[in-house]
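# Output the structure for:
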Amino acid sequence: MTSQPASVPPAGAAAPPGPASGNAPSSVESSVPGSVQSSVQSLRLDCGYGTDRGLRREMNEDSFIASDPVYAVADGMGGHEAGEIASGICVRTLAGIPQLASGGRDATAAVVQEYLLEADAGIRDATGSRAGTTLSGVVVVEQNGVPYWLVLNIGDSRTYRLSQGKLSQVSVDHSEVQELVDAGEISRAEAAVHPRRHVVTRALGTGDETEADYWLLPVEEGDRILVCSDGLNGELDDDRIAGILAAQPDPQAAVDELIQAALRSGGRDNVTCIVLDASNVASDHGTHTAPRTPDQAEEETTLPRTEVLDVAPDGQVAGTAAESGAARDGADRPGGEPHADR
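Predicted structure coming up:
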């Protein structure tokens with residue numbers, strides 16, 4: 001098996017290598033794969049995770065955190081151990097979020113962004129801005145008794161959601177090729193083989209753009225979240241990923257199969273995956289009240305369960321489903337100068 005062993009040491013400690021990877025992840029903050037009984041009524045979370053150096057890289061520069069309520073993957077870049085340092089600082093800083101210790105569901109985009117800015121400063125101090133890292137994942141939050149996925153993303157690691165049999169990419173890549181796709185200059189198929197597909201336009205620790213994008217999705221019964229570094233989606237297309245997620249009911253088995261499939265397809269990069277399942281979700285929500293800032297509290301705007309909301313770091317809801325769809329397509333995503341190439 002190539003994925004991280006079930007018993008994972010805290011960040012900064014030595015981890016035994018997987019038999020095929022020959023290399024432990026640069027940094028891990030994690031709970032043992034399995035079930036978590038949520039404080040949100042009966043919500044149950046089942047998690048699997050794994051990482052592998054791949055077949056061509058000398059080191060594993062990926063790091064991840066899989067500890068309720070934070071599930072995220074960081075893909076370091078910079079080489080010569082600098083990428084490992086960057087991603088490790090990122091997950092260790094994110095592990096300092098108070099809700100991780102308390103088990104609370106009251107984290108907000110503003111709280112998360114505060115810790116990402118701290119991680120950004122720490123990476124710059126440690127590496128002299130010579131390295132950076134992507135970050136993508138979810139924080140499980142609660143608003144008015146309703147559980148939500150607070151999705152965050154900076155860079156080109158990805159967060160997917162398999163819901164009601166349909167796989168969708170929630171996060172939007174911050175990359176040169178994504179901007180070309182958004183502009184209609186190349187197709188997604190062309191982007192997958194484009195020579196500059198590894199150039200990201202936003203990252204922590206380097207460049208000028210350090211603000212993550214955020215989305216809120218109501219947790220629905222049977223939701224399956226996949227968070228991964230680009231070592232996975234660089235080897236497997238979305239149809240292949242969806243097929244594995246649908247065929248493997250156990251989240252750890254799904255992670256193991258995804259990593260093995262990426263290795264069989266070439267394993268040209270480090271590959272890290274987290275699969276998170278939600279069950280026992282309360283089913284009596286006809287509609288949900290959208291998360292609000294204090295200034296919005298009087299408006300009491302309600303939205304259907306299927307809405308996806310774009311959320312600014314200050315907690316403001318940026319739009320409805322139609323507007324969010326545009327954002328996921330990159331239509332209103334700010335551009336940026338490329339600053340990192342793996």
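# Am I right that residue 138 is in contact with residue 68?
No: look at residue 138 against residue 68 with Cβ atoms under 8 Å: they stay out of range, at 11.0 Å. C-betas here are computed from N, CA, C, even on glycine.
# between those two, who's got more neighbours?
Neighbours per residue (other Cβ atoms under 10 Å) separate residue 138 from residue 68, with residue 138 holding more: 26 against 19.
# and the more buried one, which of the three is it?
strand (DSSP: H, G, I helix; E, B strand; the rest coil).
# ok, what's across the strand from it?
On the basis of DSSP bridges, residue 138 takes part in beta bridges with residue 71, residue 151.
# Next up, the contacts around it.
Residues in contact with residue 138 (Cβ atoms under 8 Å, 6 or more residues apart in numbering) are 71-72, 149-152, 159, 225, 227, 276.
# now swap in residue 168 and tell me
The contact partners of residue 168, by Cβ under 8 Å, 6+ apart, come to 160-161.
# Go ahead and report the secondary structure state at it.
From three-state DSSP, the assignment for residue 168 is strand.
# Check it and give its pLDDT.
Predicted confidence (pLDDT) for residue 168: 97.
# Tell me how far it lies from residue 124.
Residue 168 is 34 Å from residue 124, where distance means Cβ to Cβ, to the nearest Å.
# One more: residue 242?
Residue 242 sits 38 Å away from residue 124, going by Cβ to Cβ.
# Residue 266 too?
Separation of residue 266 from residue 124 (Cβ to Cβ): 33 Å.
# For these two, work out which one has more neighbours and name it.
Higher neighbour count among residue 266 and residue 124: residue 124, with 19 against 13, using other Cβ under 10 Å.
# Would you mind identifying the next helix or strand past the helix or strand harbouring that one?
Assessed by DSSP states H and E, residue 124 sits inside helix 109-127. Later in the chain than helix 109-127, the nearest helix or strand by DSSP H and E is strand 132-133.
# what's that next one packed up against?
Contact analysis of strand 132-133 by 3 or more Cβ pairs under 8 Å, 6 or more residues apart in numbering; DSSP states H and E lists strand 70-77, helix 82-94 as its packing neighbours.
# State the pLDDT value of the residue lying closest to residue 93 once chain neighbours are set aside.
Nearest residue to residue 93 in three dimensions, chain neighbours excluded: residue 119, at 3.9 Å (Cβ to Cβ, 6 or more residues apart in numbering). At residue 119, the pLDDT value in this model is 98.
# neighbours around residue 119, how many?
25.
# ok, now residue 59?
Residue 59 has 17 neighbours, counted by other Cβ under 10 Å.
# Read off the pLDDT value for it.
pLDDT recorded at residue 59 is 94.
# That one - nearest residue in space that isn't next to it in sequence?
The shortest distance from residue 59 to any non-neighbouring residue, by Cβ to Cβ, 6+ apart, is to residue 84 (6.0 Å).
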